[in-house]
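Chemist: Take this sequence and fold it.
(chains A and B)
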Amino acid sequence: KAGVTQTPRYLIKTRGQQVTLSCSPISGHRSVSWYQQTPGQGLQFLFEYFSETQRNKGNFPGRFSGRQFSNSRSEMNVSTLELGDSALYLCASSYRLDKSTDTQYFGPGTRLTVL
Amino acid sequence: AQTVTQSQPEMSVQEAETVTLSCTYDTSESDYYLFWYKQPPSRQMILVIRQEAYKQQNATENRFSVNFQKAAKSFSLKISDSQLGDAAMYFCAYSTGFQKLVFGTGTRLLVSP
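Modeler: Below is the predicted model:
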């Protein structure tokens, strides 16, 4: 079974631009979560989508948004990019069927650099 | 708010030896789940082991085992027979299930021949 895939793997943008990152979950997984990883703040939760609805949201400004499609693929959008948005963005998927067995599996990440 | 603390920024071990990585957490919940993830230089986050708080038995996965002390809110990872491929950042994480993962700051494990 294929793992979580993320595209693109690397992105370079300039301040003020917007960017869209994509995540395809493991086949059968219906939940997709996004995390931001930076040297200063570590790993921080952005949001989770399940059945095309945002279920959980982290403490990030409204410039960060996402959506999920009917095939469970998810996109994350960051508008008006700032230098501080430079980070590794990780996507994780899970079945979200049984709390006692639910485990998140991560993709390889998208490295975003804002100049 | 739940917090996860990894007090060892870096640990070193020789091949074939055993090393233990520490993790403590703070929560008022009774039902939760703990994880260890490994992040090698490729940056791909890989699940190492999972522990359910309601289970008293410590989880094991081949050379990896945990020491889960619920009362002390401690969740350490023991790696036996260390291999060069074990070199990576190790993150301890907490979740109440179907919720966000809360990560510690990580421990860098160095493995020498």
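Chemist: give the contact list for residue 74.
Modeler: Since no chain was named, I'll use chain A. Applying Cβ atoms under 8 Å, 6 or more residues apart in numbering or on different chains, we find residue A:74 in contact with A:22, A:23, A:25, A:32, A:34, A:49, A:66, A:67, A:68, A:91. Using the backbone N, CA and C atoms, a C-beta is placed for each residue, glycine as well.
Chemist: not quite, I wanted chain B
Modeler: Residue B:74 touches B:22, B:23, B:24, B:67, B:68, counting by Cβ under 8 Å, 6+ apart.
Chemist: roughly how far apart are it and residue B:51?
Modeler: 11 Å (Cβ to Cβ, to the nearest Å).
Chemist: what is in contact with those two at once?
Modeler: Counting by Cβ under 8 Å, 6+ apart, the residues touching both residue B:74 and residue B:51 are residue B:68.
Chemist: Now residue B:3. Nearest residue, chain neighbours left out?
Modeler: residue B:26 (4.7 Å; Cβ to Cβ, 6 or more residues apart in numbering or on different chains).
Chemist: The one you found and residue B:75 touch, don't they?
Modeler: No. Using Cβ atoms under 8 Å, residue B:26 is not in contact with residue B:75, being 11.8 Å away.
Chemist: still on that earlier bit, return the member of the contacts of residue B:74 nearest to residue A:115.
Modeler: residue B:23 (36.3 Å; Cβ to Cβ).
Chemist: near chain B, which residues of chain A?
Modeler: Taking Cβ under 8 Å from any Cβ of the partner chain as the contact definition, chain A meets chain B at A:31, A:33, A:35, A:42-43, A:45, A:48, A:55-56, A:58, A:88, A:90, A:92, A:96, A:99-100, A:102-109, A:111.
Chemist: Buried ones among those residues?
Modeler: Neighbour-count burial (16 or more other Cβ atoms under 10 Å in any protein chain shown) applied to the residues of chain A next to chain B gives A:31, A:33, A:35, A:43, A:45, A:48, A:55, A:88, A:90, A:92, A:96, A:102, A:104-109, A:111.
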